[in-house]
Structure formats: C-alpha cells, structure tokens
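Visitor: Following is a predicted model, sequence given first.
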Amino acid sequence: MGRMFGTDGVRGIANKELTPELAYKLGRAGAYVLTQGAHKPKILVGLDTRISGDMLSTALVSGILSVGAGVIFANVIPTPAVAYLTRKYGADAGVVISASHNPVEYNGIKFFDGKGLKLSDELEDKIQAVIESNFEGVPSPVGGEVGRRVFEESALEDYVEFAKSTIDVDLKGLRVALDCANGAAYKSAVRAFRELGAEVVVINNDPDGVNINEKCGSTHPEELMDYVVRKQCHLGLAFDGDADRCLAVDEKGNLIDGDHIMAICAANLKQQGRLTKNVLVTTIMSNMGLFIAMNKEEIDTVKTKVGDRYVLEEMLKEGYAIGGEQSGHIIFLEHNTTGDGLVTALQLSAIVKKTAKSLSQLASMMKQLPQVLANAVVPNDKKNIYLDDKEIVDKITAIEEKLHGCGRVLIRPSGTEPLVRVMLEGENQKELDEMAHSLAKFIEYKANK
C-alpha cells in the first residue's frame with residue numbers, strides 16, 4: 001500500500017476512494033494513536049456541508065467510539081474552528097471531514113493533535129501502520145467502556161466569539177459582501193460580521209449538500225467581484241468550502257489575493273509593534289511584487305516550500321506572527337494554528353475601518369508583477385537537469401541578469417508528472433512570455449537528447 005496521507009490528510013472521491021470502511025478504520029486507528037495515555041480520551045469532530053459528510057462522519061465516529069474514546073460532535077463548522085475548539089475544549093485530538101476547495105464529489109479526513117496542529121508525517125505513518133497491521137493490539141472495549149458521542153450545541157457560537165475577539169474595533173459603517181461558497185462559513189461568517197455591526201450582504205450561503213464551491217467562493221470570485229460593485233460595498237470577502245482561506249475584493253471590484261492581504265496585514269502588525277522579528281513567512285510561489293513591497297516597508301520575508309504546512313512549520317520554529325499563501329490561506333499565529341478565513345476577513349476589515357482608507361488604497365502598496373508559466377516535458381530521471389546542465393544554468397543566469405532585479409526565474413519539477421515547470425516574473429509580459437517558452441523548450445531539448 002502506498003502512503004495514505006497526502007499534504008492535507010486523506011483525500012479522494014467519497015464512496016469510491018474515500019469509503020465509509022476507510023473512514024471507520026481511520027477513526028479507529030487515529031483515536032488509538034492520538035489518545036494513548038489519556039484517562040478518558042475525547043476527540044472533536046466537525047465537517048463541511050458536502051452531502052458525503054453524513055456518511056463519512058457516521059463511519060469515522062463509529063471507529064473512534066470503538067476504541068473507547070469519546071466524541072464531541074461539532075457538526076458543520078469551519079476547519080479552523082476545529083483547530084481552535086480542540087484546544088478550547090481540552091480534547092486529545094480533532095478531526096475535520098472536508099475536501100476544502102475541491103468539488104462536491106471529493107471529501108477528506110484531516111486530523112489535528114491536542115494543540116490544534118496538523119499531524120507530523122511520523123504520526124500519520126503510525127496511523128497507517130495500525131490499519132495495515134489489521135489493528136493488532138488495538139482494544140475493543142465492551143459494556144460501559146465503549147465511547148460516547150456528545151453533540152456540542154455551542155461550538156459555532158464559541159468559534160464566532162473567538163473570531164470576533166481577534167479584533168479590537170467594531171465594524172459599524174462598513175458595508176461588506178460575503179461569498180460563503182455554500183460551505184462551512186455560511187453561518188459563522190455572517191453571524192460574526194453582523195454581530196460586529198457591519199452591514200452585511202451575502203451570496204452563496206444556502207448549502208444543499210451538492211453546491212459547495214460550485215462556481216463560487218475563493219476559487220471562483222467572479223460573481224463576488226460583480227456583486228461588490230452592484231451593491232456599493234466597501235469590500236467583499238470570499239471563503240472556500242471549509243473556510244480556511246479568504247480572498248478579498250476591493251470597492252472597485254478588483255480581486256485582492258492572499259499576497260496583497262499578507263502585505264497589508266504585515267505592514268499593519270509592524271506599525272503596532274506586533275510583527276515578530278519583523279518577518280512575514282511566504283512560499284516561494286508568492287508574487288515577486290510582494291517581496292518588493294515588503295522590502296520598501298523594511299519587512300523581511302522568509303520563503304518556504306509550497307504548502308501551508310511548511311509555512312506553519314517555519315512560523316512555529318521562530319514564533320513568527322503571520323505567514324501564508326497567495327491562495328488566501330493565511331495564518332495569524334497569535335490567534336490560531338492553521339489558516340483561518342474568518343480571522344483573516346476580520347483582520348482585513350478592521351484595518352479598513354481603523355485607517356479609514358479604501359481597500360484599493362491599502363492594496364496599492366503592492367504592485368503585482370506579471371507571471372508566465374511554461375512546462376517542459378522531461379523524463380522523470382532528468383527532472384534535475386536544470387541544476388546540473390551548464391548550458392541550462394548559463395541560460396537561466398542570463399535571463400536573471402536581463403530582468404535586473406525586477407523579476408526572477410523559478411523552476412519546479414512536478415511531483416506527479418514528467419514535467420519541469422518554468423515560471424518567470426517581471427515587468428514586461430511579452431518579453432517574459434518569449435523567455436519562459438524559450439527556456440522551457442531548451443530544457444526539454446537537452447533532457448530528451
């Protein structure tokens with residue numbers, strides 16, 4: 001069997017790859033591995049709005065209860081709420097059933113430890129090993145020792161109160177449009193903004209089990225971009241299916257991506273003296289415009305591999321305050337241990353309110369540089385040729401010199417396909433296009449000689 005866990009838990013098409021049988025096994029093995037040593041262990045479980053959540057949560061909960069652990073069932077709730085409430089309720093672990101921004105046919109199972117952190121590879125491998133051993137040595141208690149499920153009615157309210165507490169200003173006078181992606185934010189986001197005094201208009205907050213992420217939310221913000229202008233809002237905020245991401249739209253209908261949001265929030269934290277070590281953590285895929293903007297603000301950037309888990313790893317290591325990705329997955333470590341769409345939305349809205357500046361004014365601190373992506377088809381064993389071949393290395397150096405500090409070349413071998421991805425950033429789109437495709441063709445030619 002290959003590795004069961006991907007970069008964000010176990011994912012697949014529900015009832016085909018991610019079956020109820022697998023969910024049961026994950027619940028049983030996960031509870032065993034994560035609650036050893038706990039006297040009366042308890043695990044918090046939440047899910048998003050997709051139709052397969054009922055089927056998978058029932059199976060997962062059964063697996064947890066079968067080893068004698070209890071379940072605090074939070075029902076439909078954002079992923080970051082599970083991370084926060086696991087800590088608040090003193091649970092031994094948390095599990096969220098969601099496939100985030102993916103279409104409805106997909107679902108996923110993601111574990112958090114008792115501190116609300118995603119599991120290490122080692123812990124995930126332990127869970128898989130228990131399943132592969134056919135649960136050797138795993139107890140099956142009987143009688144009163146079987147686990148019990150408790151429905152936590154106040155989970156949503158507790159999360160909303162927490163999210164509201166992360167800002168120190170009300171939002172009266174702000175007209176805000178929310179796109180809830182027919183997902184897990186459909187109650188919490190609307191409630192938080194209204195309780196803080198904002199005038200709220202909402203789209204895509206009527207989940208029916210199958211319309212999650214369907215041409216809406218942070219992966220499809222086009223409707224919100226039009227809606228903000230039509231409804232004359234100060235800003236719009238778009239969440240994904242499990243509400244761990246947030247993108248924004250300014251009052252003119254322009255999309256404000258995660259890079260812009262991080263720039264605005266990092267600069268604001270610096271002004272307040274709350275930007276730990278004066279650092280923003282991003283991935284290598286953030287737009288170079290962000291790095292230029294942070295340089296102007298005298299804020300250092302630390303770059304990680306692509307994936308929010310690597311961003312969080314770096315933040316935890318040094319205690320950095322903010323980090324994230326262009327996709328809107330932004331971590332405010334002072335508040336939560338994972339990307340939190342609602343916290344991000346509130347932080348940004350609070351800055352708009354406090355500064356009395358429009359979002360377009362705030363976002364103008366960063367100019368997004370054009371990006372061009374070209375693929376080179378190469379054999380799997382030649383994916384590192386761009387590092388080893390002198391002619392390719394010289395060609396890359398020549399392009400970087402031509403961009404003279406106002407652009408860059410980023411090359412990434414694909415993890416799943418026989419491809420090397422060539423990405424160029426700079427100021428001239430036409431010039432970038434020619435250079436990127438010329439470099440990709442050259443790498444392809446040299447690799448297939």
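Guide: Sure thing, it's come through. Numbers count the residues shown, from 1 in each chain.
Visitor: Could you use CA atoms for every contact and neighbour count after this?
Guide: Fine.
Visitor: domain ranges for the protein?
Guide: As given by automatic domain parsing, the domain ranges for the chain are 10-153, 158-363, 371-447.
Visitor: low pLDDT regions in this protein?
Guide: 1 (pLDDT under 70).
Visitor: All the helices of the stretch 51-200 of the chain, in order from the start?
Guide: 52-65, 79-88, 121-132, 155-164, 188-195 (DSSP state H, counting those that start in this stretch).
Visitor: The stretch 301-449 of the chain now?
Guide: Using DSSP H, counting those that start in this stretch, the helices of the stretch 301-449 of the chain run over 308-318, 341-355, 359-363, 385-388, 390-402, 429-447.
Visitor: between those helices, which gets nearest to residue 177?
Guide: Closest to residue 177 of those is helix 341-355 (C-alpha to C-alpha; 11.0 Å).
Visitor: ok now that closest one, how far from the chain's centre?
Guide: Mean C-alpha position of helix 341-355 versus that of the full chain (C-alpha atoms, centre = their mean, to the nearest Å) differs by 18 Å.
Visitor: List the contacts of that helix.
Guide: Helix 341-355 has contacts (C-alpha atoms under 8 Å, 6 or more residues apart in numbering) with 80, 163-164, 166-171, 174, 185, 189, 193, 237, 239, 243-246, 248, 261, 264-265, 268, 328-330, 332, 358-359, 362.
Visitor: Residue 61 and residue 145: what is the separation?
Guide: 15 Å (C-alpha to C-alpha, to the nearest Å).
Visitor: okay, these two: which has more neighbours?
Guide: residue 61 (28 against 15; other C-alpha atoms under 10 Å).
Visitor: ok, now how distant is the more buried one from residue 258?
Guide: Distance, residue 61 to residue 258, using C-alpha to C-alpha: 35 Å.
Visitor: returning to what we had before: most packed of the helices of the stretch 51-200 of the chain?
Guide: helix 79-88 (a mean of 25; mean count of other C-alpha atoms under 10 Å).
Visitor: Give me the helices and strands touching that one, please.
Guide: strand 42-47, strand 93-97, helix 155-164 (3 or more C-alpha pairs under 8 Å, 6 or more residues apart in numbering; DSSP states H and E).
Visitor: Export those to a markdown table and append columns for distance to residue 277.
Guide: As requested, the helices and strands packed on helix 79-88 are exported to a markdown table (distance: least, C-alpha to C-alpha, whole Å):
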| stretch | distance to residue 277 |
| --- | --- |
| strand 42-47 | 34 |
| strand 93-97 | 31 |
| helix 155-164 | 25 |
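Visitor: Closest to the centroid, which residue in the protein?
Guide: residue 329 (3.8 Å; C-alpha atoms, centre = their mean).
Visitor: Identify the spatial nearest neighbour of that one, chain neighbours not counted.
Guide: residue 245 (4.4 Å; C-alpha to C-alpha, 6 or more residues apart in numbering).
Visitor: what sits against the one you found?
Guide: By C-alpha under 8 Å, 6+ apart, the contact list for residue 245 reads 218, 239, 327-330, 339-341.
Visitor: Phi and psi next, for it.
Guide: phi -120, psi 150 (degrees, to the nearest 10).
Visitor: could you check the distance from it over to residue 238?
Guide: Taken as C-alpha to C-alpha, the span from residue 245 to residue 238 is 8 Å.
Visitor: Quick check: neighbours shared by the two?
Guide: In contact with both residue 245 and residue 238: residue 218, using C-alpha under 8 Å, 6+ apart.
Visitor: end-to-end on stretch 213-224?
Guide: Stretch 213-224: ends 13 Å apart by C-alpha to C-alpha.
Visitor: what comes into contact with that stretch?
Guide: By C-alpha under 8 Å, 6+ apart, stretch 213-224 touches 101-104, 177-183, 203-204, 236-241, 245-247, 249, 253, 255.
Visitor: of the residues you listed, buried ones?
Guide: Among these, those classed as buried by 16 or more other C-alpha atoms under 10 Å are 101-104, 177-183, 203-204, 236-241, 245-247, 249, 253, 255.
Visitor: picking up where we left off before, deepest of the helices of the stretch 301-449 of the chain, which one?
Guide: Ranked by mean neighbour count, the helices of the stretch 301-449 of the chain are led by helix 341-355 with a mean of 22 (mean count of other C-alpha under 10 Å).
Visitor: still on that earlier bit, could I get the helices of the stretch 51-200 of the chain as a markdown table with distance to residue 282?
Guide: Below are the helices of the stretch 51-200 of the chain laid out as a markdown table (distance: least, C-alpha to C-alpha, whole Å):
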| stretch | distance to residue 282 |
| --- | --- |
| helix 52-65 | 32 |
| helix 79-88 | 19 |
| helix 121-132 | 21 |
| helix 155-164 | 23 |
| helix 188-195 | 25 |
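Visitor: Okay then, goodbye and thanks.
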